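# Here's a sequence, model it:
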Amino acid sequence: MASTSKVDLSGEDDDEQLERFDDFTLASSWERFISEIEAVCRQWLADGPKNLLEKGAVQLDFSQKLYKVKLELKYAMKSYNMEYYFETSSGGKIADENSTLHDLQLCFGVKDFLVIAPQSASGVVLDSPEACKLLSAVAIALTNCSSLWPAFVPVHDPSRKAYIGIQNMGTVFTRRFEADRIGSQVPVRLMHLEGLYELFLSKFAYSTLDLCYASLQKYDDNHGSETHNRSQWDEDCPWSEWYSAEDPVKGLELTATWSEKTVESSLEMAELENASPHEAEKWTILPYLSPNLDSSEGNRTGFASQLRLLVDALNMSFDAQFMEDFVSVENPGSDNLKSLMIVPPPTVLDRVFKDLFHEGSQFCLHALWVGTCNIRAIAVLWIEFIREVRWCWEESQPLPKMQANGSIDLSTCLINQKLQMLAICIEKKCEMNEDFQDCVGSNEHTHDDMEEDSPVRGKTTNKQKHSDEFDGIRDRPLTEDGLHGSGTTTSRPSMKHGDTLSTDLKSSDHNRRGSAGAVGSMKLLKSYQSMHAPFTQDAPIMTEDMHEERLQAVEAFGNSFSFSAQLEKDILSSDMSAFKAANPDAVFEDFIRWHSPGDWENGDNEESRPSKTPATKGLKDDWPPYGRLSQRMSEQGNLWRKIWNDTPALPLYEQKPLLDHFREGEKILHYLETLRPHQLLEQMVCTAFRVSADTLNQTSFGGLKQMTTKMEQLYRTMASTLKPLQANRVSGNSETIEDLRRLCVIFEHVEKLLTLAASLHRKFLQAPRLSETIFSDYYNFYLPRMGTASTESLKVDEKEFDIKYQVMTRERQIVSNMFSPPTANQSWRKVLSMGNLLNGHEPIVREIIFSVRDSLRNNHYAAHNPGGFQREIETYRMYICGTSNDLRVALSVTSCD
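A predicted model of the protein is given here:
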């Protein structure tokens, strides 16, 4: 109804009058309230989901598809929030199993919906008339704009999660909703399917023929696949020697789903309750992951946390000249260090050194876990370690886990190289002590039983003090290929007789010393005697810094000597002396033919043939053979010939050792005792990162490709980040320290993923498909958290990992075995069991949907149905979610208004 009225308006012309219409349908506040709701709904309908997203619709935290927009409304001196929930990209279907549903979607099976609630502390309408009035206003507004959205109003106490709602079905039908909850003391009858079935039937005002039933049972496993008698899940993992990691997979939630079944009696419900979960049509699992797995607070104990402390110790190491300064009472800052930094007690140190010197553990790994890995604890550990090393040197005891095999691994840190060389020096020292004892003992016996029938083989001299190593055996036949280019033999010659050549029985044979045997068929050029290979000294072993010092010394000579000649002069002189002693009639060309065959050029003309000597006259015409020295060996003033001319004939046992083991051992100990703190910590950091990564890399995780790639990336990142430390280019508070801290963050990410991969691999060892799928999804979920600059700046998405995975039929028994049977204490509630037990476990929650569908023909709705649609409509639906201590019921009823 409208009327016409005239109103005076202020302005330049007071006489001007305008006509307007008064709409009496908006005369009351309630009608205006309905009009406001209608206007908002029309706007939301016109915008659609796409435009609403552009206008700032908010995504719900628990769902990737559900969004909401809200608007504030006022009515009768009260303020209300009207919220519109809508989904995107769902194709008109309720979200899939991996999408978390809103509470109202789950209860009533709706998709998009409205919720209107008061702006109050409780957020619910406590007054029943007010709730009905609000719901009526929304229903009228939605009908006016031809919207099919269901609308809900929260009522009663918030803990009850109660709602009332209404929905216009677009025809003569209206759907009404009601939900409520019992929070405690659920009646025993309602804990069983038979009682719930009867509850649903009690809502009918008429009898029904067919009833559809769908059930979902959830089982919780808080122990994973580990048995109760195992103390730690990772007790046989490679890191378990150093720390025990929290199991990232805290448990599994198994959901067993029965699809729709037609039920006609309560007896059928009783049979369903006794059915095994293995009879369910579908199984899905949801892994419960530890909240610390994707936490950015850095409170997780592992290699990464200790490496971070070691980097802090490196940063402090620049404050002192010696390691003793961090524990000395005379140091001005020692009081502050004592108050802030924990030093391990003697009992801990004893255990550590027992592991180090008896079981051969890693020093750097021990340092990570001693005390709090602070600089003071490291100083105490290092000082005691050096004392133990010196004791091993002085008492000629071998160093643990240091193989004295005559070589040094230059790829390790300098300290490790020094310890390897010290182990070699200790071994040589022990050998010399044994030789001295053998020599003293041999003076008490005579040697009259020496065999005299072989003047060539087995003859020794009084100068052979090291008889165990060098027996002075001559003329042992050796293959030519086996000794060319080497000049060194490590095999001990045989004592058999009869291997000598008849041409060797000359006076020069009696002067031969230090021979390892004849070199095949090779002859000396001047005497036509067999060429003998000598025992030679091994090349002196050197650490990395010794190589650098020698290189600097060579460079100091300028260009007067070639680099290779100067570097090998001592070794070359020793080899020449030994060769001369083993071959008294040898010339320089003979040594070249044996030691450096590449510098002997074979020729076929007379010019390249050496002249005959009196000793070779009368021999075959093809002797001496054609050949000559190479150009570099023939040059005037050649260094090799000069060394040959100046070198005396001395067998190995008469030569001065190329390496003084006593002197080198003391130099190594001096280096270790006077090492600067920052130099020690730099090498410790490099080694600790590497051995920690190597330890983790030994983990068995089933060959997951993402994990393998991540470990390879970690090694590459470590190599580039640790390079300045290896070159000693680090200073306190430098950028390198920050780079190391960032490396610790990356290391922590990889360590977390590796722990998860190991846990999944163990639990699903017989079902690798599940472990690979779960890890792959979590890897993609966790990937945005990796690669950040620091832990403090890490912005973590609050959304939890909640993907569900379908279990194949062949995998069900494997998953079922993870649910270990309950103990006697856990079985006392069996009388209250809800049924459907899995290995003795009752479901942690049971969700049931009862529904009745009626055809729109031949029923009591048909008379009101214009057009006589031949389709079914869900007339009754009841959603039940409950346990033995909690029960929630949501009912929707479709009626004809």
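
# ranges for the helices of the stretch 751-897 of the chain?
768-782, 812-817 (DSSP state H, counting those that start in this stretch).

# and among the ones you listed, the most buried is which?
helix 768-782 (a mean of 18; mean count of other C-beta atoms under 10 Å). Every residue, glycine included, has its C-beta placed from N, CA and C.

# my read is Gln167 is in a strand, agree?
Yes - looking at Gln167 with DSSP: H, G, I helix; E, B strand; the rest coil, it is inside a strand.

# returning to what we had before: I'd like the helices of the stretch 751-897 of the chain as a markdown table, with mean pLDDT and distance to Lys74 appended.
Below are those laid out as a markdown table (pLDDT from 0 to 100; distance: least, C-beta to C-beta, whole Å):
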| stretch | mean pLDDT | distance to Lys74 |
| --- | --- | --- |
| helix 768-782 | 93 | 43 |
| helix 812-817 | 92 | 54 |
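
# Of these, which is nearest Gln420?
Of all the helices of the stretch 751-897 of the chain, it is helix 768-782 that lies closest to Gln420, at 39.9 Å by C-beta to C-beta.

# just to revisit the earlier point, can the helices of the stretch 751-897 of the chain go into TSV with extra columns for distance to His366?
Shown next, in TSV, are the helices of the stretch 751-897 of the chain (distance: least, C-beta to C-beta, whole Å):
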stretch	distance to His366
helix 768-782	31
helix 812-817	39
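
# So for Ala131, which of those sits nearest?
helix 768-782 (41.1 Å).

# contacting residues around Phe662?
Contacts for Phe662 (C-beta atoms under 8 Å, 6 or more residues apart in numbering) come out as Cys425, Lys429.

# Alpha carbons only: can I get the longest strand anywhere in the chain in CSV?
Of all segments of type strand in the chain, defined using DSSP state E, the longest is strand 249-263. What follows is strand 249-263 as a C-alpha-only set of coordinates in CSV (Å, rounded to 0.1, in the frame of the first residue of the first chain):
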residue,chain,number,x,y,z
VAL,A,249,54.4,-40.4,13.2
LYS,A,250,52.5,-40.3,16.5
GLY,A,251,49.8,-42.6,15.3
LEU,A,252,47.2,-43.4,12.7
GLU,A,253,43.5,-42.7,12.4
LEU,A,254,41.8,-45.5,10.5
THR,A,255,38.4,-44.8,9.1
ALA,A,256,36.3,-47.8,8.0
THR,A,257,33.3,-46.9,5.9
TRP,A,258,30.2,-48.9,5.2
SER,A,259,28.2,-47.6,2.2
GLU,A,260,24.4,-47.4,2.1
LYS,A,261,22.5,-50.4,3.2
THR,A,262,18.7,-50.9,3.3
VAL,A,263,17.6,-51.9,6.8
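
# which helices and strands sit right next to that strand?
strand 211-221, helix 266-273, strand 282-289, helix 735-763 (3 or more C-beta pairs under 8 Å, 6 or more residues apart in numbering; DSSP states H and E).

# contacting residues for Ser276?
Asn836, Leu837, Leu838.

# Which strands border the longest strand of the chain, and is each parallel or antiparallel?
strand 211-221 (antiparallel), strand 282-289 (antiparallel) (DSSP bridges).

# Any chance of JSON lines for those strands, columns distance to Arg641, mean pLDDT and mean neighbour count?
Listed next are the strands paired with strand 249-263 as JSON lines, based on distance: least, C-beta to C-beta, whole Å; pLDDT from 0 to 100; neighbours: other C-beta atoms under 10 Å:
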{"stretch": "strand 211-221", "distance to Arg641": "83", "mean pLDDT": "73", "mean neighbour count": "20"}
{"stretch": "strand 282-289", "distance to Arg641": "76", "mean pLDDT": "92", "mean neighbour count": "20"}
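
# With respect to Phe588, which of these lies nearest?
The nearest among the strands paired with strand 249-263, by C-beta to C-beta, is strand 282-289 at 76.5 Å.

# hmm, who's touching that closest one?
So strand 282-289 is contacted by 97, 222, 248-257, 259, 277, 756, 760, 770, 774, 778, 801-807, 812, 815 (C-beta under 8 Å, 6+ apart).

# Just the buried ones from those residues?
In those, burial by neighbour count holds for 248-257, 277, 756, 760, 770, 774, 778, 802, 804-805, 807, 812, 815, counting by 16 or more other C-beta atoms under 10 Å.

# Next, format the helices and strands packed on strand 249-263 as JSON lines and append distance to Leu381.
Shown next, in JSON lines, are the helices and strands packed on strand 249-263 (distance: least, C-beta to C-beta, whole Å):
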{"stretch": "strand 211-221", "distance to Leu381": "43"}
{"stretch": "helix 266-273", "distance to Leu381": "64"}
{"stretch": "strand 282-289", "distance to Leu381": "37"}
{"stretch": "helix 735-763", "distance to Leu381": "21"}
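
# Quick check: which of those is nearest to Phe701?
helix 735-763 (3.7 Å).

# Show me what the closest one is packed up against.
Counting by 3+ C-beta pairs under 8 Å, 6+ apart, the packing neighbours recorded for helix 735-763 are strand 249-263, helix 303-316, helix 677-697, helix 705-726, helix 768-782.

# Give me the lowest-pLDDT entry from the contacts of Ser276.
pLDDT across the contacts of Ser276 is lowest for Asn836, at 78.

# how deep is that one tucked in, by neighbour count?
Other residues lying near Asn836 total 23 when counted by other C-beta atoms under 10 Å.

# Thr721 is in contact with Arg690, correct?
No - Arg690 is beyond contact range of Thr721, at 11.6 Å (criterion: C-beta atoms under 8 Å).

# quick one: Thr773 from Asn602, how far?
Using C-beta to C-beta, to the nearest Å, one gets 69 Å for the distance from Thr773 to Asn602.

# How many residues are close by Tyr876?
Other residues close to Tyr876 by other C-beta under 10 Å number 19.

# Who's the closest spatial neighbour of it, skipping the chain neighbours?
Val852 (4.3 Å; C-beta to C-beta, 6 or more residues apart in numbering).

# Ok, Pro768 next?
Distance criterion C-beta to C-beta, 6+ apart; nearest residue to Pro768, sequence neighbours excluded, is Gly702 at 6.0 Å.

# isn't His761 right up against Met707?
No - applying C-beta under 8 Å as the test, His761 and Met707 come out as separate, 9.6 Å apart.

# Spit out the residues that contact those two alike.
Joint contacts of His761 and Met707 (C-beta under 8 Å, 6+ apart) are Phe701.

# residue ranges with poor pLDDT in the stretch 651-800 of the chain?
728-733, 787-798 (pLDDT under 70).
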